[in-house]
Structure formats: C-alpha cells, structure tokens
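> how does the following fold in three dimensions:
(2 chains)
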Number of protein chains: 2
Amino acid sequence: MANYYDQVNLNDPYMQSDIDRKKQETAKKRKLMIIGCIRKLNTIRGFILDFLITKNLRMEDEYSGLLSENKMNEIDRFVKFHLEKKSKLVLITSGGTTVPLEENTVRFIDNFSIGTRGSASAEYFIDNSYAVIFIHRRRSLRPFERKFHNVNILEIFKKAEENEHCNFQVDQSQINFNFDQLIQTYGDLSKKNMLLNIDYITVFDYFAVLDYCCKAINLFGKNALVYLAAAVSDFYIPKSQMSKHKIQSSNGGLNLDLKPVPKLVGKLRSEWCPKAYIVTFKLETDPSLLHNKSKASLEKYQNNCVIGNILDQRKNNVVILEANGKSTEINLEKGSTKNEEIEELIIKFLVSKHSSFILNAE
Amino acid sequence: MANYYDQVNLNDPYMQSDIDRKKQETAKKRKLMIIGCIRKLNTIRGFILDFLITKNLRMEDEYSGLLSENKMNEIDRFVKFHLEKKSKLVLITSGGTTVPLEENTVRFIDNFSIGTRGSASAEYFIDNSYAVIFIHRRRSLRPFERKFHNVNILEIFKKAEENEHCNFQVDQSQINFNFDQLIQTYGDLSKKNMLLNIDYITVFDYFAVLDYCCKAINLFGKNALVYLAAAVSDFYIPKSQMSKHKIQSSNGGLNLDLKPVPKLVGKLRSEWCPKAYIVTFKLETDPSLLHNKSKASLEKYQNNCVIGNILDQRKNNVVILEANGKSTEINLEKGSTKNEEIEELIIKFLVSKHSSFILNAE
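Below you'll find the predicted structure:
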C-alpha cells in the first residue's frame, strides 16, 4: 500500500482527495477489524470461561448439605452395628440419577435404569453374609421387594374361601416366587439387620449419599466392598446456571446447554475409602470398545475390577477385568434353571476375589 | 463512485492501474457481499424451515402405529362390554409423559408427576358407578394399588404365630388402609370389570393411546367423560431430528434443542369425541394467572370445564371454571377426617355436572 502512494502524484488535487478517501477507508477498515477482534476475543473468552467453569466446577459444592441428618444417623448406626459384628460390608449403588432442568424442578433428565442389576446383586451379597447398604434411586427396584415388580399386588390375594381361619390367600399362579418363603427370608434378614435401603433422586443427592457412605465404610478397611451399579448422569446443569437455563425460548422451543458431570469415581480410591475393594461397571453398545474402555477406567481410577457389559447382552454375559489384567467372562447358560440370574455368578466371583484381597492384605 | 471516475484523467497510467485495483476491490467486495447475503439467507431459511417444521409438525405422524394390537383389543372389549351395559364411562389420563432424547432412548426428559390426582380420582369415579379407562404412565400410581405407595410390601406381612391355619398375617399398624377391605373392594370391581389400566411411557405413546381411546368412547356420546389429568410434556425432539440431536458435543457438553409439543387437546372436541363431557387441568404457580388461563383454555378448546390448581395448594384447593363462566372453588377443610381427599369432592361435583349435561342433551 505504501509503495503505491509513493508512486502517485501527491500534488494532483483529485489524487489528494483520493488519498483522503483511502485514509478514511483504511481507518474504517481498521476500526471494523478491531471490533471484529474484540468480538472474537469475547467469544474465545466465553469458551475459556466455559472451559474453566466446567473444569473447576466443584461437584462437592453442588451436593454439600443435601443428605438429611436422619439418613446420616441411619448410616452411622448400621455401620457401627456391623463394625462391632465384624461383618463384611458392601456398598451398592443402583438405578439412574436425575438431572433437574429447573430450580423448581418440575422437569428433569432421566435414564431408563430401574435398578435390576443392583437390586438382584444385593440379594446375592446377603446370601454370602455381607451386610448391604443399598443406595438406590427412589422408586427403583429394591432387593426382595423387586419380586413384586410388574405384579398387581391386589391381584395376588384372593378372599379365602377354603380356609375359614384366614381372610385371604395368595394366588401363587400369579407370581414366579414362593410368597411365604419370601416373607420368611425377608423377616430373617430384617432381624439380623443385614440391609439398609437409602434412596436418592438427583445426581446431586446421589453424590451426597455416596460421599458420606464411602467415608463411613472406610472404617471397614479392606473388609468393605463398593459395587457401583448406578447409572450416573453424564451431563447436567450446574445449579449456578440453572435459573437462567430454566426456559430459554427460541422459536417457541427450549434450548438446553448441559455440562459434563465431573467424574467423582476417582475420589473413592484417592480420598473417600482408599482401602476398599472397588468394583465399577462399564456399559457399551459396541463390543469392540469394551475391553479398552474397561482397561482405561481401571488405570485411571485404580479400582479393583471393572464389570464390562454390552447393552443387549447384559443379562446373560459380562466380562470382568481385574487390576492385574486378568479377564474373566461370565455367561448365564440359556436353558438352565428358569429363575437363575447372572448376578448370582457375578457375586460368587467377586466374593471369592474379595476374600483373597483381604487375605493378601493381612 | 461513477461520478468520481468521470472526473479523473483516464489516460494517466498510474490512474489506470488505480482504477483496475478499484475494479478488483469492488468485485471482491461484491463477492463478499453476495457470500454474506447467501449466508444471511441461509440463516433466514433455517429459521423459516424451523418455524414451518414446528408449525406443520404432524404429531399424528410421530405416534401413528405405536399402540399395540393387544391394547387396542383390550380397549375395544372394555368399551363393548360397557356399551352393552349402558354404563357411564370416564377416560382418565394420569402421570407424566417422557420425551426421549436419543433414538436408542437411554435418556429422556420427564417430570415429577406420579399420578396422585388421576389414580385417586379413578377410585371415586368407580364409587360413582363409572367404568374407568385409566391411561397412565408406566410405574406411576394406579387406582387402589396406589395405597401401597411408600409401603414396603414385605414389611406388612408377618409370619403368623397366633393363627396356626394361616402362613402369615398383615400388620395393620404399617398401613393407613384396611387390607382385607381393599382386597374385597378390588375383587368386587374386577368381577364387574369396572377398571381398565392402559399404560404409556413417552409423549408419543400417550397421544397414540389417547387418540385411540377417545375415538372408541365416542360411541358413548354424552355418556362419556374425559378427565385429562396427565402432565403432558411441553417440549420434545421430533423423531426426524432425533438422531442428529443425539449428542451434540460442544465444549464436552450437551446441547439440546427442543420444539414445542403440538396441542392436541383441541382434537378431542373437534374430531375424536366431540359429544363427550371434557375436563382439563391447568396447573400454575402464580394464582393471579390461573383464572385467565383457564378461561382462555375453555374458549380455545371448547371443553366443558377446566380445573385450575396452584402447585403448592393442589391437594387442598381447586377452582373449577365451567364453559358458562361459572366458577366454583372446592376446598378440603384442614383438620377434617384424616383420609379425606379433595378428589372425592371434585368427582362428586363433576358427576353432578355430567348428569345435568346428559339430561339437557336428551
């Protein structure tokens, strides 16, 4: 540009006015460029802020204070009882967590987990003499009670006609378990105080109760097993951003901007219950990804094993990867006894591994 | 610009090169302007398309084919049975609808309705000799069965010790209803075929079953009452846009763009069951808005009455606005008999109005 001005006749009046215009244009362009830069910087600043918010978001601040004193007391009493009895104890998480979309929380994001894996597993841990703290999504399946899932309670009782001493009797044809036996089993384990049900709803409630329970069972040292079967939300709206995200109408629609949920699973080994035997789950739809993802999770979080399962085969097949690299496939043979569940085999495997883990540590 | 070129010496070689440059610059600017315009037009086109998609979105296309033949047959049989018996019939919707976020539907948006209003109302309609089609969200509360909500089934049965002829007995202290009486009541109404439970999960399932049932009960003419107590989603992701909205990662987060759910409630009067007595609900948090919103809804959809309720008073107070402009407040007196429910009073009111409606029509 400078070169061009050097060549032209600066005394030509038309040229002079041309140069003035050029200067004005250049100034205008510069101004626009600066505005453009500021805009770009603002966008970049937004991205960085967003990144930092997400990066430094302390989930602890989001969930602190959410666990009721009542629940804390229940957990404390249960832990104390089983510490004195020198029980082995398992902490199970089960069911999905919700993500509230609004402060008044009418709407939320949820997932389809109803807690089949967790509730079934709890029963087999009790069979193996473990005391169970069962952290579950409110209204998801609970151990033993799950047998009534999809059963209309009112249809299994009939007014007794043959037995004049009873008001009603159970129609066993409506259910796939022995009612009397279930009542007996449940009564027995209640007397022995083997099961503590603690519920949660949101992902915040979930972390609050998990944090508290992990720290409480740390007193069990290696005798504690943690079995994280809950389906924890991947994305959420931080509380600080919730009101402004309540309803962002655009074209009469709703736009939601969710942040990734910080992975607190690493805290178990590093802070909350470092001595426990920790089992996590990895659910995938693509079988080819499963092994590497399980391996990466083990390496990252230093847990004891990862139970990998493929969505549509999860009731018949799992692959358990241990920290030492050993991989064990567990299959439920089809056509075997009708009511057999893969959880029975998984828990048998884990109980044995946990025993070795305790022995090696002593 | 043309004027300026007229004045300059076109034979000056420097000027000539200046003019060439200017032409190039102008061409460049024009090109940029055209690109800019195309971009703007694309944006506008996007908005218009978005608007048209939302405007002309046929929810019917989204839900067609979703109702199973099994459910259709159940509905047909129930309707035929009660047509022959010349019963009065109420179609109740209850519980929340979900909005799937992904095609494989692991995550969804939900709301906190568990169907208290709908399930309680169904019982009082049956008390008033109405046959009830109860369209409800799967796993939400159902009439009579709702009594077991928040009850651990396994804790209300104890192994019988005093009565050697029965295996177990009911611990009435654990429940706030008479177990024997409930079994009796439920047995009786089952024999009379007074209740048909039909469940749904998503907002699409909901509309599919509502559409089918409304058309089926149209045969009852004025003897049919429709009671829309379900909490229908306001926003959803159209199926055509679902795969691309599956996970839109931005900064590791998730961005969701939801469209308003078309208001199909107008179809009941205009197409599906034009002769029925139609009752809808309006739930607000701001009492000052309630009357006008109820009024607007009545005028727009030509239904018979709107039951207005304020979120935190909905169990003790409702205001029923009728098409003739009459407004009736219904209050549950606090401190009255322990188990009294406002639904009993609402249904008493509606049954009386429905009777007059039938009489006036004959």
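
> where does A:Asp50 land on pLDDT?
Looking at A:Asp50, its pLDDT stands at 53.

> A:Phe112 too?
81.

> how about A:Leu10?
44.

> likewise the one 10 residues further on?
The predicted structure scores A:Asp20 at 78 on the pLDDT scale.

> ok, A:Cys166 next?
pLDDT, A:Cys166: 72.

> that one and B:Cys166 touch, don't they?
Yes. With contacts counted by C-beta atoms under 8 Å, A:Cys166 reaches B:Cys166, the gap being 4.1 Å. Where you see a C-beta, it was placed from the backbone N, CA and C, and this is true even at glycine.

> A:Gln169 - how many residues pack around it?
17 (other C-beta atoms under 10 Å in any protein chain shown).

> repeat for A:Glu103
Neighbour tally, A:Glu103, other C-beta under 10 Å: 12.

> outline the domain layout of chain A.
A:2-49, A:68-361 (automatic domain parsing).

> residue boundaries of the helices in the stretch 251-362 of chain A?
A:265-267, A:287-301, A:342-361 (DSSP state H, counting those that start in this stretch).

> of these, which is nearest B:Lys222?
Comparison of those against B:Lys222 by C-beta to C-beta identifies helix A:342-361 as nearest, at 54.5 Å.

> return the distance of the residue sitting nearest the centre point of chain A relative to A:Glu341.
Geometric centre of chain A, nearest residue: A:Val232, 1.8 Å, by C-alpha atoms, centre = their mean. A:Val232 sits 23 Å away from A:Glu341, taking C-beta to C-beta, to the nearest Å as the criterion.

> need the contact list for the closest residue to A:Val232 other than its chain neighbours.
Using C-beta to C-beta, 6 or more residues apart in numbering or on different chains and skipping the chain neighbours, the partner closest in space to A:Val232 is A:Thr97 (5.3 Å). For A:Thr97, the contacting residues are A:137, A:200-203, A:205-206, A:230-233, by C-beta atoms under 8 Å, 6 or more residues apart in numbering or on different chains.

> A:Ala208 versus A:Thr97, what's the distance?
11 Å.

> what residues are shared contacts of those two?
By C-beta under 8 Å, 6+ apart, the residues touching both A:Thr97 and A:Ala208 are A:Tyr200.

> give me the helix or strand of chain A that scores worst on average pLDDT.
Among the helices and strands of chain A, helix A:2-7 carries the lowest confidence by mean pLDDT, DSSP states H and E, at a mean of 40.

> quick check: phi and psi at A:Ala216.
Dihedral pair for A:Ala216: phi -70, psi -40, per degrees, to the nearest 10.

> tell me the pLDDT of it.
The predicted local confidence for A:Ala216 is 98.

> who in the stretch 151-300 of chain A is up against chain B?
A:152-155, A:157-159, A:163, A:165-168, A:180, A:182-184, A:186-187, A:190, A:234-235, A:250-260, A:285 (C-beta under 8 Å from any C-beta of the partner chain).

> which ChimeraX command selects the buried ones in the residues you listed?
Only the buried entries of these go into this ChimeraX selection, using 16 or more other C-beta atoms under 10 Å in any protein chain shown:
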select /A:153,154,157,166,167,168,182,183,186,187,234,235,253,254,256,257,258,259,260
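
> take the contacts of A:Thr97 and write them to CSV, including distance to B:Ser87 and secondary structure.
Formatted as CSV, the contacts of A:Thr97 follow (distance: C-beta to C-beta, whole Å; DSSP: H, G, I helix; E, B strand; the rest coil):
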residue, distance to B:Ser87, secondary structure
A:Arg137, 40, strand
A:Tyr200, 44, strand
A:Ile201, 40, coil
A:Thr202, 44, strand
A:Val203, 47, helix
A:Asp205, 45, helix
A:Tyr206, 47, helix
A:Ala230, 46, coil
A:Ala231, 44, strand
A:Val232, 49, coil
A:Ser233, 46, coil
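
> let's have those residues in JSON lines, adding pLDDT.
Shown next, in JSON lines, are these (pLDDT from 0 to 100):
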{"residue": "A:Arg137", "pLDDT": "97"}
{"residue": "A:Tyr200", "pLDDT": "97"}
{"residue": "A:Ile201", "pLDDT": "95"}
{"residue": "A:Thr202", "pLDDT": "95"}
{"residue": "A:Val203", "pLDDT": "96"}
{"residue": "A:Asp205", "pLDDT": "96"}
{"residue": "A:Tyr206", "pLDDT": "97"}
{"residue": "A:Ala230", "pLDDT": "97"}
{"residue": "A:Ala231", "pLDDT": "93"}
{"residue": "A:Val232", "pLDDT": "93"}
{"residue": "A:Ser233", "pLDDT": "92"}
